[in-house]
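A.B. asks: what follows is a predicted protein model with its sequence.
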Amino acid sequence: MEVPYVVGGLALAVGVWVLVSYNRFVEQRNLIRDSWSNVETELQRRYDLIPNLVETVRGYATHEQRVLVAVTDARARAESNHGDPAAQAADENLFVAALRQLFAVAEAYPELRASRHFLELQSELTDTEDRIQAARRFYNANVREWNRRIQSVPSNVVAGVFSFREEQYFQVEPTVREAGAPSTSF
């Protein structure tokens, strides 16, 4: 007589555990989506600063057209990418490299470096780079926790049943990461 109660109790416990685990996956998935949205917002902030920066540099360095075009093209490519984090990171790496060239050009023009408008843009870009780093760290921390749950027993069972898959980190190439944010101190 007690066996059906034990089996029923175990089935209920397993059912409650599956429900709680599923809800936690949903909560984490939404947190990852929200944190990726924050990364995209900060990237868009940087994209919005670049046309002003390019125009400011163009006024001083008219013969550096190749660099200005490279920055503009890299910005357009990165801004139009709405793919996964790995694809976005690849375009961001190209964009950061072009941005470094722009700042290298700016170093050759003392009048430009002393321009109040350029200094304000430089300060905003530095602030934006810090915000991008913080948003990326928050996103990657959420992805790390998500992937850990998907790989760990027993939650991997629920992940498999409901087709929850690992998420990608938003990473930059080591050469870009080691070089740091674009140099904005003159």
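C.D. replies: On my side now, so go ahead. Numbers count the residues shown, from 1 in each chain.
A.B. asks: check the offset of stretch 144-154 from the chain's centre.
C.D. replies: Distance of stretch 144-154 from its chain centroid, counting by Cα atoms, centre = their mean, to the nearest Å, is 21 Å.
A.B. asks: pull out the buried positions in stretch 106-122.
C.D. replies: For stretch 106-122, burial by neighbour count (16 or more other Cβ atoms under 10 Å) applies to 106, 109, 112, 115, 118, 121-122. Quick note: C-beta positions are derived from backbone N, CA and C, even for glycine.
A.B. asks: and the contacts of it?
C.D. replies: Contacting residues not belonging to stretch 106-122 are listed as 49, 52-53, 56-57, 59-61, 184, 186 [Cβ atoms under 8 Å, 6 or more residues apart in numbering].
A.B. asks: mean confidence score for it?
C.D. replies: Computed over stretch 106-122, the mean pLDDT rounds to 86.
A.B. asks: what are the ranges of the strands in this protein?
C.D. replies: Read by DSSP state E, the chain holds no strands at all.
A.B. asks: which neighbouring elements make contact with the longest helix anywhere in the chain?
C.D. replies: Identified as the longest helix of the chain according to DSSP state H is helix 2-60. When contacts are defined as 3 or more Cβ pairs under 8 Å, 6 or more residues apart in numbering; DSSP states H and E, helix 2-60 packs onto helix 65-80, helix 85-107, helix 110-114, helix 116-151, helix 155-161.
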